[in-house]
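1. Got a predicted structure plus its sequence, pasted below:
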Amino acid sequence: MIIQWYPGHMTKALRNMEQDVKLVDLIIYVLDSRAPFSCQNPQFTEILGEKPIIYVLNKTDLSDPQKTKYWQKYFTKPNALAVPLVSTMTNAGKAIVDAMNVLLQKKLERNKQKGITMPLRAMVIGVPNCGKSTLINNLCGKYKAITGNRPSVTRNTQWVKIAGNIELLDTPGTLWPSFEDNEIAHNLAYINAIKDEVLDASELALDFIKKMLETYPQQFLDRYSLTFEQDKQPVEYLAEVCEVRKFVVRGGEYDWERGAKAILDDFRKGRLGAITLDEPKEVVSE
Ligand SMILES: Nc1nc2c(ncn2[C@@H]2O[C@H](COP(=O)(O)OP(=O)(O)OP(=O)(O)O)[C@@H](O)[C@H]2O)c(=O)[nH]1
Ligand SMILES: [Mg+2]
């Protein structure tokens with residue numbers, strides 16, 4: 001299946017980012033820790049330039065802790081820190097403020113010496129539905145930015161003030177015009193960064209089952225009390241899920257779409273257990 005989703009509001013959002021980046025001291029780049037590599041927007045590289053970055057590996061309540069450790073190292077670079085996080089947890093934002101203080105230490109000291117009281121500004125960016133607005137609300141302790149469990153909830157940029165003379169810019173989630181790597185496109189679809197309406201749920205679920213059998217077979221099989229058999233095809237597993245769940249339509253046919261959506265929903269809500277879709281790419285030194 002070829003996956004494509006690049007609505008007009010994302011082009012606009014990106015153009016705004018090109019302007020707003022000039023106003024900020026730092027970037028808070030939110031990645032979904034279940035697919036942090038896939039969440040990297042190739043268009044950002046040029047826009048962000050040399051700005052310090054906090055990579056937030058968000059939703060670690062849903063991802064594989066071993067792989068998160070790897071990705072944390074991977075995204076720790078000169079001038080960039082990586083922070084694993086659960087943005088929905090009270091006080092989770094403190095780790096971000098701490099990271100901000102580390103990355104901007106020199107600037108903060110200079111400002112202090114000169115008696116400058118300018119606010120620190122950060123732009124919060126990332127793919128749709130990765131938790132940008134939730135993180136901002138966590139940091140300000142109030143529901144200032146609209147959130148929702150579907151992609152493209154935030155449609156306009158919005159400045160939000162938080163304690164410590166810090167201002168955060170919420171931005172709409174953005175993707176890029178074409179996914180060169182189909183696996184990346186699929187990972188983004190599985191984590192619900194791509195609108196479900198542009199996807200074929202049954203096809204997506206079959207691809208997902210194939211991936212689960214390769215990477216987390218036991219977690220997948222256990223969820224539906226299925227047994228592994230060599231040569232059993234994804235479609236046969238999907239049929240069994242429909243059977244177990246009694247997803248049958250009139251005439252006794254399986255309700256394939258309902259079964260497909262149930263599997264994707266189980267993954268998205270963490271009911272298949274802790275799963276990370278992006279495999280470590282290379283050895284990262286300790
Ligand atoms: N399990 C879990 N869910 C989270 C976490 N952070 C955010 N969410 C949920 O993810 C969904 C999307 O959150 P938003 O903050 O609206 O995401 P966003 O990045 O602002 O999305 P757009 O504005 O659409 O780009 C919401 O249902 C949040 O409750 C987390 O750490 N763990
Ligand atoms: Mg948002």
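-> Looks like it came in fine. Ligands and ions are numbered 1, 2, ... in the order given.
2. check contacts around residue 204.
-> Counting by CB atoms under 8 Å, 6 or more residues apart in numbering, residue 204 touches 1, 186, 189-190, 260, 264. Using the backbone N, CA and C atoms, a C-beta is placed for each residue, glycine as well.
3. What subset of those residues is buried?
-> Burial by neighbour count, 16 or more other CB atoms under 10 Å: within the contacts of residue 204 this picks out 186, 189-190, 260, 264.
4. Secondary structure for these - can I get that in TSV?
-> Formatted as TSV, the buried ones among the contacts of residue 204 follow (DSSP: H, G, I helix; E, B strand; the rest coil):
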residue	secondary structure
186	helix
189	helix
190	helix
260	helix
264	helix
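5. In a markdown table, list those along with pLDDT.
-> Formatted as a markdown table, those follow (pLDDT from 0 to 100):
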| residue | pLDDT |
| --- | --- |
| 186 | 98 |
| 189 | 98 |
| 190 | 98 |
| 260 | 98 |
| 264 | 98 |
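6. tell me which of the residues you listed is nearest to residue 214?
-> Nearest to residue 214, judged by CB to CB, of those is residue 186 at 12.7 Å.
7. And the buried ones among the contacts of residue 204, which two are furthest apart?
-> Farthest apart among the buried ones among the contacts of residue 204 by CB to CB are 186 and 260. That separation is 13.7 Å.
8. that older thread, out of the buried ones among the contacts of residue 204, which touch ligand 1?
-> Checked against ligand 1 using CB under 6 Å from any ligand atom, the buried ones among the contacts of residue 204 give no members in range.
9. which of these lies closest to residue 21?
-> Among these, and counting by CB to CB, the member closest to residue 21 is residue 189, at 28.0 Å.
10. My understanding was that that closest one contacts residue 201; is that so?
-> No. Applying CB atoms under 8 Å, one finds residue 189 not in contact with residue 201, separated by 9.9 Å.
11. Okay, the residue in the stretch 101-250 of the chain positioned nearest to ligand 1 and ligand 2: tell me how far apart.
-> Per CB to the nearest ligand atom, the residue of the stretch 101-250 of the chain with the smallest distance to ligand 1 is residue 173, at 2.4 Å. Remark: distance between residue 173 and ligand 2 (CB to the ion, to the nearest Å) = 6 Å.
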